[in-house]
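In: how would this look folded up:
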Amino acid sequence: MQDPWNHLKKEIVKQVKKITKVDVTDLIEEPNILGHGDLALPCFALAKQFKISPNEISKDLAERIEIKYFSKIESL
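Out: Residues are numbered from 1 along each chain as shown. Predicted coordinates for the structure are as follows:
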């Protein structure tokens with residue numbers, strides 16, 4: 001069985017590359033704030049680059065990510 005966290009990270013990277021052609025592997029992190037989930041992708045740089053709000057980017061990604069080992073993917 002594939003490591004669930006590794007699968008999720010790869011899925012995030014894949015979906016971002018489809019939209020932006022940007023590799024965000026090194027940007028995926030564990031949030032410092034309790035209650036902000038297990039993994040995070042700060043979308044501020046992408047938002048600035050594409051002139052779209054970070055919330056719009058995170059919501060779009062949350063809808064695109066294939067849920068395989070997790071109960072839900074949320075945009076915060």
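In: Strands along the protein, start to end?
Out: Shown for the chain, no strands are assigned by DSSP state E.
In: Determine the set of other helices and strands touching the lengthiest helix in it.
Out: The longest helix of the chain (DSSP state H) is helix 4-20. Judged by 3 or more Cβ pairs under 8 Å, 6 or more residues apart in numbering; DSSP states H and E, helix 4-20 is in contact with helix 44-50, helix 54-64. For every residue, glycine as well, the C-beta is placed using N, CA and C.
In: Mean neighbour count and distance to T20 added to these, as a markdown table?
Out: Shown next, in a markdown table, are those (neighbours: other Cβ atoms under 10 Å; distance: least, Cβ to Cβ, whole Å):
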| stretch | mean neighbour count | distance to T20 |
| --- | --- | --- |
| helix 44-50 | 13 | 6 |
| helix 54-64 | 16 | 9 |
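In: can you redo these as JSON lines with distance to D38 and mean pLDDT?
Out: Conversion of the helices and strands packed on helix 4-20 to JSON lines gives the following (distance: least, Cβ to Cβ, whole Å; pLDDT from 0 to 100):
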{"stretch": "helix 44-50", "distance to D38": "20", "mean pLDDT": "88"}
{"stretch": "helix 54-64", "distance to D38": "14", "mean pLDDT": "89"}
